[in-house]
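A.B. asks: pasted the sequence and its predicted model underneath.
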Amino acid sequence: MLRYTARTLLAAWFILSGLFLLSRAHTDRNTFLQNSTEGNGRRLSASDQAHTTQQLLQRYGLDVPLFYVTLGSAAATGHISWRWHGSRNQYHQWFRQLLAGDLGTSYRDGAPVTEVLSQSLSYTLPLTLLAALGSMGLTLALVLWLSHRPRWRSAWLSGLHVLRALPLFLLATCLLLLLANPDVLAWFPTFGLGLEVEEVAWWQQPGRLLYFLTLPTLSLVLVTVPGLVVQLNGALQHELEQPYIATARAKGASSIRVVRHHALRNALLPTVALLSELLPNLVAGATVVEVLFALPGMGRLLAESAAAQDYPVLLGAVGLVALVRVAAQVLADGLYRVLDPRIRTHA
């Protein structure tokens, strides 16, 4: 497990390094300087503008080469040559700060990236955790319910296949039009979290937060559950046809006990692969949901950072998503070992 974790972390490091080099290589300095100095309200002289430009480049580490070596050509001879810059480069400074837990500074407002991410995570974590727990709970309940009602199984699976084909944006928009529309049913709010509208007591904040997160969470659950149900139901029906199930029934085990204590445990093994993708998919889906419902979370932060070319925040957010994927894979391996101790992860 330690070797596997080390390999996945190494892969995450390669991904982050590639993203950093690509983002810095495509950073338009003129656009960056314009975004960093806009709103000062006064016209600078040529000397003041040059001085301000140099200060900004030094502040954000853009005044040094990008990597340890660069490829250039000599002006006199025209020959292409490699030039070594040592540790005085942007990648070395970024990696040293990353090891110290410093993700840099935002280009937009000058705030530390860790502070910006932690503020957004305080809203995204409740959304994704509620969606994950709701998806897993609803999947298990629906599959167990269908296992005892074979006549309803075909109709329900057909409906789930239709629901599975709907994109998240369309599904969330339909929920808004049906359940947050004064002309139909105005049961839920259309956007925001309601915390900025009026102050509520601390013991009322969880309930209010849950009320405003109902439609975003329901959107993520409805787009996730169909795939899990179809996979788990197929695996469960396959297990119910195995010889050990006939043996359990011959010993007098009830239908409920056969499903819950014998078949379900083995049927969960193929579904763990989908569960390992559940958290990363929910984080990716939160981008659409948070933009649509105007929630100040990671998804909205990713969209705004990409639009504003705020690469430090964008890189930190993408790195966090990569770490979530690594954690989900490690969790899936742990679930495999719990469900079936015979399974071992080989290096």
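C.D. replies: That came through fine.
A.B. asks: element containing W82, please.
C.D. replies: Using DSSP states H and E, W82 sits in strand 80-84.
A.B. asks: what helices or strands is that strand leaning on?
C.D. replies: Under the contact definition 3 or more CB pairs under 8 Å, 6 or more residues apart in numbering; DSSP states H and E, strand 80-84 sits against strand 69-73. To be clear about C-beta, it is placed using only N, CA and C from the backbone, and glycine gets the same treatment.
A.B. asks: tell me which stretches of the stretch 1-150 of the chain form helices.
C.D. replies: For the stretch 1-150 of the chain, helices defined by DSSP state H, counting those that start in this stretch occupy the ranges 2-25, 29-37, 46-59, 90-99, 113-147, 150-165.
A.B. asks: nearest to T271, of those helices?
C.D. replies: For T271, the closest of those is helix 113-147, at 8.3 Å, according to CB to CB.
A.B. asks: mind checking the pLDDT average for that closest one?
C.D. replies: Mean per-residue pLDDT for helix 113-147: 88.
A.B. asks: now stretch 255-268
C.D. replies: 82.
A.B. asks: for it, buried residues please.
C.D. replies: Residues 258-259, 262-264, 266-268 are the ones in stretch 255-268 that count as buried (16 or more other CB atoms under 10 Å).
A.B. asks: same thing with stretch 329-337?
C.D. replies: For stretch 329-337, using 16+ other CB under 10 Å, the buried residues are 329-330, 332-333, 335-336.
A.B. asks: L2 and D333: what is the separation?
C.D. replies: To D333, L2 is 12 Å away according to CB to CB, to the nearest Å.
A.B. asks: likewise for K251?
C.D. replies: Separation of K251 from D333 (CB to CB) stands at 33 Å.
A.B. asks: deepest in the core, which of the helices of the stretch 1-150 of the chain is it.
C.D. replies: Of all those, helix 113-147 has the most neighbours on average by mean count of other CB atoms under 10 Å, namely a mean of 18.
A.B. asks: nearest residue to A303 other than its sequence neighbours?
C.D. replies: V291 (5.4 Å; CB to CB, 6 or more residues apart in numbering).
A.B. asks: which residues sit in contact with the one you found?
C.D. replies: Contact analysis of V291 by CB atoms under 8 Å, 6 or more residues apart in numbering lists 299-300, 303.
A.B. asks: so which of the residues you listed wins on neighbours?
C.D. replies: The most crowded member of the contacts of V291, judged by other CB atoms under 10 Å, is G299 (27 neighbours).
A.B. asks: got the contact list for that one?
C.D. replies: Per CB under 8 Å, 6+ apart, neighbours of G299: 124, 283, 285-291.
A.B. asks: farthest pair within those?
C.D. replies: The widest separation within the contacts of G299 (CB to CB) is 13.7 Å, between V283 and V291.
A.B. asks: quick one: contacts for the nearest residue to S87 once chain neighbours are set aside?
C.D. replies: Excluding the flanking residues, the one nearest S87 by CB to CB, 6+ apart is Y68, at 7.7 Å. By CB under 8 Å, 6+ apart, Y68 lies in contact with 84-87, 89, 91-92.
A.B. asks: residue contacts, the nearest residue to G319 once chain neighbours are set aside?
C.D. replies: Using CB to CB, 6+ apart and skipping the chain neighbours, the partner closest in space to G319 is L16 (5.0 Å). By CB under 8 Å, 6+ apart, the contact set of L16 is 98, 315, 318-319, 322.
A.B. asks: quick one: which of those residues has the most company?
C.D. replies: Going by other CB under 10 Å, L315 tops the contacts of L16 with 22 neighbours.
A.B. asks: relative to S120, how far out is that one?
C.D. replies: Distance of L315 to S120, given as CB to CB: 14 Å.
A.B. asks: ok, L275 next?
C.D. replies: Look at L275 and S120: by CB to CB, they are 25 Å apart.
A.B. asks: and if you look at R7?
C.D. replies: 29 Å.
A.B. asks: just name the shakiest helix or strand of the chain by mean pLDDT.
C.D. replies: The weakest-scoring helix or strand in the chain, judged by mean pLDDT, DSSP states H and E, is helix 29-37 (a mean of 57).
A.B. asks: contacting residues for P312?
C.D. replies: Contacts of P312 (CB under 8 Å, 6+ apart): 103-107, 113.
A.B. asks: now it, what's its secondary structure?
C.D. replies: helix (DSSP: H, G, I helix; E, B strand; the rest coil).
A.B. asks: just give the nearest non-adjacent residue to it, would you?
C.D. replies: G104 (3.9 Å).
A.B. asks: OK, contacts around that neighbour?
C.D. replies: By CB under 8 Å, 6+ apart, the neighbours of G104 are 60, 94, 97, 112-113, 312, 315-316.
A.B. asks: contacting residues for A132?
C.D. replies: 278-279, 282.
A.B. asks: make a markdown table out of the buried residues of stretch 255-268 and add secondary structure and distance to W152.
C.D. replies: Compiled in a markdown table, these are given as follows (DSSP: H, G, I helix; E, B strand; the rest coil; distance: CB to CB, whole Å):
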| residue | secondary structure | distance to W152 |
| --- | --- | --- |
| V258 | helix | 19 |
| V259 | helix | 15 |
| H262 | helix | 22 |
| A263 | helix | 19 |
| L264 | helix | 19 |
| N266 | helix | 24 |
| A267 | helix | 19 |
| L268 | helix | 22 |
